[in-house]
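1. let me see the structure of the following:
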Amino acid sequence: MASPRLETYCCPNRDAATQLVMNFQPEVFCGVCIGSASISLLLTILQLLPKKGQSPQKMPKASSSSTILLLISICDILGGLGMIFRSSVWLGFPGFIANISVVNGTDVWPSAFCVGSAMWIQLLCSAGFWWLFCYAVDSYLVVRRSAGLSTIVLYHMMAWGLAVMLCVEGIALLYYPSLSSCENGLEHAVPHYITTYAPLLLVLVVNPILFRRTVSAVASLLKGRQGIYTEHERRLGTEIQIRFFKIMLVFIICWSSNIINESLLFYLEMQPDINEMLLKNIRSAALITWIIMGVLNPMQGFLFTLAFYGWTGWRVDLKWRKREIPWESMSSSTVGENAYPSPVNYQSNIHDSKKVSTADSQQTDEAISMLSEGNTSGDDRLTRSSPIYQGW
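-> The predicted model follows:
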């Protein structure tokens, strides 16, 4: 699971609230994390692998949004591996872990493992949050026809750059002046908690707004295509709305326990003595949500693939086939960028007008197809659901 308490525990003078949750049934908690992360990891990889019956030769080059969804899954996979590694060492080498608490110890490897594994998990989770925010932005820009050729490059700079910057800044402030002598008090740890939860709260607050605006823009786009809003257009709009709803539902389910747990622990930290009898229910609630975090945080990877692509099936196709990538990409990055070459044999204004109308209709279809991807049924899902066949 991902929590700023993992980094705080590396300080020898850690606070009492962090000590409470980290020392609560560590064997059970680590076992829960390993089990949940392993199940999510295997099912996520299964979802991403190509399946029998798909037709990669018919697939266009992946849109920027398809690339973003795949990057989110990769962040979840790498973060899950970090959780499995950290929990496995915690269970298998208790003596090694006990040296983390030694003040002025000569062995630096326990502290290095504590900080390194916690930073790895936080960095990948933070990058996943930023990529999810980029997905909401890209969906809106695609419908508004504002996505340019360099958009995906800007997304990479923003997602990875901000994730690294916030992670390093929070860790530097937390371990000032040094790891062996962290400052006492809650104030020095607050910047670290802010840098950890800022991307999460950004997705929680801003993404629903962007998704709502995208759905409204899609409705206007569909109405403007033929001048009417038929049952087919209404169904497409509903599919896109359901897709966005499932993404936010998974996100809230997996991370709401973190916000509740952190609020309870902050409340306990502000008390003179967290072991008071009056705080028993607060302590119990904090420990319960701590265990829930160990279950739900690692499961985000698999649940997101269900929201992105639906269930892609068990029939894995391990026969890798080289597919032909068409020169004319139907990606969001090329919307409005010379989707069709200028005709040579037609010079009249009538044919030019028809070409513009056809191009606009094609661009609309591409935008709608990208946003509703993964929510189709039947044979269409077989040819569209696996991101491995979609490429980068």
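2. buried ones in the host helix or strand of residue 233?
-> Here residue 233, judged by DSSP states H and E, is contained in helix 231-269. Buried residues in helix 231-269, defined by neighbour count with 16 or more other Cβ atoms under 10 Å: 233, 236-237, 239-241, 243-244, 246-248, 250-251, 254-255, 257-258, 260-262, 264-265, 268-269. (Each C-beta comes from the backbone N, C-alpha and C, glycine too.)
3. packing partners for that helix?
-> helix 16-22, helix 109-143, helix 190-226, helix 280-309, helix 349-371 (3 or more Cβ pairs under 8 Å, 6 or more residues apart in numbering; DSSP states H and E).
4. try 6 Å
-> Applying 3 or more Cβ pairs under 6 Å, 6 or more residues apart in numbering; DSSP states H and E, we find helix 231-269 packed against helix 16-22, helix 190-226, helix 280-309.
5. from the chain's centroid, how far away is the first one?
-> Centre-to-centre, helix 16-22 and its host chain are 27 Å apart (Cα atoms, centre = their mean, to the nearest Å).
6. would you mind pulling the contact partners of that helix?
-> Residues outside helix 16-22 that contact it (Cβ atoms under 6 Å, 6 or more residues apart in numbering): 5, 8, 9, 265, 268, 269, 274, 290.
7. at 8 Å instead, please
-> By Cβ atoms under 8 Å, 6 or more residues apart in numbering, the surrounding residues in contact with helix 16-22 are 5, 8-9, 14, 261, 265-266, 268-269, 274, 283, 286-287, 290.
8. gap between the residue lying closest to residue 314 once chain neighbours are set aside and residue 79?
-> Of all residues not flanking residue 314 in the chain, residue 46 sits nearest, at 7.4 Å (Cβ to Cβ, 6 or more residues apart in numbering). If you measure residue 46 against residue 79 using Cβ to Cβ, to the nearest Å, the figure is 18 Å.
9. give me the more crowded residue out of these two.
-> residue 79 (28 against 16; other Cβ atoms under 10 Å).
10. got a list of what the spatially closest residue to residue 270 that is not a sequence neighbour touches?
-> Excluding the flanking residues, the one nearest residue 270 by Cβ to Cβ, 6+ apart is residue 186, at 7.3 Å. By Cβ under 8 Å, 6+ apart, residue 186 lies in contact with 15, 266, 269, 270.
11. export these as TSV, with columns for pLDDT.
-> Shown next, in TSV, are the contacts of residue 186 (pLDDT from 0 to 100):
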residue	pLDDT
15	84
266	90
269	88
270	88
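12. in TSV: those, plus distance to residue 168.
-> Conversion of these to TSV gives the following (distance: Cβ to Cβ, whole Å):
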residue	distance to residue 168
15	22
266	23
269	24
270	28
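13. which of those sits closest to residue 65?
-> In terms of Cβ to Cβ, no member of these lies closer to residue 65 than residue 266, at 36.4 Å.
14. residue 259 versus the closest one, what's the distance?
-> 11 Å.
15. ok, the most centrally placed residue in the chain to residue 137 distance?
-> Nearest to the mean C-alpha position of the chain, by Cα atoms, centre = their mean, lies residue 128 at 3.4 Å. With distances taken as Cβ to Cβ, residue 128 is found 15 Å from residue 137.
16. residue 159 is in contact with residue 132, isn't it?
-> No. Judged on Cβ atoms under 8 Å, residue 159 makes no contact with residue 132 at a distance of 9.2 Å.
17. in space, what's closest to residue 159 - neighbours in sequence excluded?
-> residue 130 (3.9 Å).
18. what is the neighbour count of the one you found?
-> 23.
19. please renumber so the chain begins at 637
-> Taking 637 as the first residue, the last one we looked at is residue 766.
20. any idea how far it lies from residue 700?
-> 15 Å.
21. pretty sure residue 927 contacts residue 662?
-> No. Contact criterion Cβ under 8 Å: residue 927 and residue 662 do not qualify, at 11.5 Å.
22. neighbour count winner among those two?
-> Neighbours were counted for residue 927 and for residue 662 using other Cβ under 10 Å; residue 927 has more, 19 against 15.
23. ok, so what distance separates that one from residue 757?
-> For residue 927, the distance to residue 757 - Cβ to Cβ - is 17 Å.
24. residue 824 now?
-> Counting by Cβ to Cβ, the gap from residue 824 to residue 757 is 21 Å.
25. if you count surrounding residues, which of the two has more?
-> Between residue 824 and residue 757, counted using other Cβ under 10 Å, the more crowded position is residue 757 (25 against 15).
26. quick check: the gap between the closest residue to the more buried one other than its chain neighbours and residue 642.
-> Leaving aside its sequence neighbours, residue 757 sits nearest to residue 718 (Cβ to Cβ, 6+ apart; 4.5 Å). From residue 718 over to residue 642 the distance is 10 Å, taken as Cβ to Cβ.
27. which residues do the two both contact?
-> Common neighbours of residue 718 and residue 642 (Cβ under 8 Å, 6+ apart) are 753, 757.
28. got phi/psi on residue 687?
-> The phi/psi pair for residue 687 (degrees, to the nearest 10) reads phi -110, psi 150.
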